[in-house]
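J.: Generate coordinates for the sequence data below:
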Amino acid sequence: MIPTRLIPLKGKILLATIAMIILQALSAQASTSIVGATDFMKIRCNTSGQNAITSWHGNVTTTGVAADKSQTLFKIVGYNIARCFKDANGNWTVGSRELTFYLDPSTGEVLNTWQNPWTKETVPVVHIANALVQQKIPSVAALPVESVGNTAILRIDVPLSYPNPLAGDARFAEYSPEPFYKAHESFSYVISGKDLAQIADVDALNDVQVVWTRVSPWLPWMKMKGAAGHLVFNAIVQKHDKDLDLPDVVRKRITNSDLALYLDAPRCIVSGRPNVSSWTYFKENFEAYLKGEMFPVSEPASRADADCMQQ
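T.: Numbering: from 1, shown residues only. From the prediction side, this is the model:
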């Protein structure tokens, strides 16, 4: 790419004109269709009641940190195992469990401790271990899909704002003092136009990639003491067509840390229990954090036994 400062004014106008022509051509070729709740389940999960596996890899960078330039703090690798349920009214619930590990950006090794580059303090790394994440998809959902050539893209933006579960507790004043958790997540599901055209004939689309971006506050375990700035997660997500197709890093950690709970998705819609997030997990395991224990903490498969009792 030629730096624009080296292009004379007429050249800049020409480049802008060419860019506009390309965008207009793409828009002219693009078509938009609508995906309903059940078809979206075939993209995100499946309608057969079986486990649906997705994994991801990417980076976590910074933004808005005073005068500092953005920097890559971690690589990430993660995994989600989901099962989708339909109720009598045609509404869907995605019930899932997920793990994500923070890696050294240079070596790719899983981090157990991390030296905060601003405070110089070394803290335990609390990897993401969300044992229950449920999302509701109403029967009336109508999601636009844009198709260009043989590629179809379904975009979903999720603005998040809710009371911070750590706020108001003096124990967490140096970890996450913000009164509200505010973040934004974006998902772009990429599938082939051919698969989309045949979606009515199958219970799942397996050749699905997702571009995922999240802008969030500092993670509590980073102990940022309310400093300005945010994290930007960027990852490529791949849906898998066979059960338990896990990244090696995830598989080893599940075995070595007794995390067998994450080998099977919830088997029912779980009522009476909130979703787990990095913030609620940190609160629940704060004592282990202070002791410098290795995360995630053990979660054997037996913990799932109570999920579907009294449902």
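J.: which other residues reach the helix or strand hosting Ala288?
T.: According to DSSP states H and E, Ala288 maps onto helix 286-290. Applying Cβ atoms under 8 Å, 6 or more residues apart in numbering, the external contacts of helix 286-290 come out as Pro124, Val126, Arg171, Phe172, Trp221, Phe282, Phe295, Val297. C-betas here are computed from N, CA, C, even on glycine.
J.: The last one contacts Asn285, correct?
T.: What that stands for is Val297. Yes. The pair Val297 and Asn285 qualifies as a contact (Cβ atoms under 8 Å) at a distance of 5.8 Å.
J.: And the helices in the chain?
T.: Ranges of helices in the chain, per DSSP state H, are 9-29, 37-44, 193-197, 248-256, 278-284, 286-290.
J.: chain center to the third one, what's the gap?
T.: Shown here is helix 193-197, whose average C-alpha point lies 25 Å from the average C-alpha point of the whole chain (Cα atoms, centre = their mean, to the nearest Å).
J.: Now do the buried residues in it.
T.: Gly193, Asp195, Leu196 (16 or more other Cβ atoms under 10 Å).
J.: from the residues you listed, which single one is nearest Ala301?
T.: Checking the buried residues of helix 193-197 against Ala301 by Cβ to Cβ gives Asp195 as the nearest, at 33.5 Å.
J.: now that closest one: how far from Gly229?
T.: 40 Å (Cβ to Cβ, to the nearest Å).
J.: beta partners for the spatially most central residue of the chain?
T.: By Cα atoms, centre = their mean, the chain has its centre lying nearest to Trp212, at 6.3 Å. Beta-bridge partners of Trp212, counted by DSSP bridges, are Phe187, Ala235.
J.: Same check on Leu160?
T.: Residues in a beta bridge with Leu160, per DSSP bridges, are Ala183.
J.: Counting neighbours, what do you get for it?
T.: 14 (other Cβ atoms under 10 Å).
J.: thought it was touching Ser186?
T.: No. Using Cβ under 8 Å, Leu160 is not in contact with Ser186, being 11.5 Å away.
J.: Do a quick rundown of the strands in the stretch 151-300 of the chain.
T.: Secondary structure of the stretch 151-300 of the chain, counting by DSSP state E, counting those that start in this stretch: strands at 151-163, 180-192, 209-216, 230-240.
J.: brain fart, the stretch 1-150 of the chain
T.: Secondary structure of the stretch 1-150 of the chain (DSSP E, counting those that start in this stretch): strands at 31-36, 52-63, 72-86, 92-103, 113-115, 122-124, 128-137, 142-148.
J.: Could you export the ones you listed to CSV, including columns for distance to Pro177 and mean neighbour count?
T.: CSV is the format used below for the strands of the stretch 1-150 of the chain (distance: least, Cβ to Cβ, whole Å; neighbours: other Cβ atoms under 10 Å):
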stretch, distance to Pro177, mean neighbour count
strand 31-36, 41, 13
strand 52-63, 19, 19
strand 72-86, 20, 21
strand 92-103, 22, 22
strand 113-115, 20, 13
strand 122-124, 16, 16
strand 128-137, 21, 18
strand 142-148, 37, 15
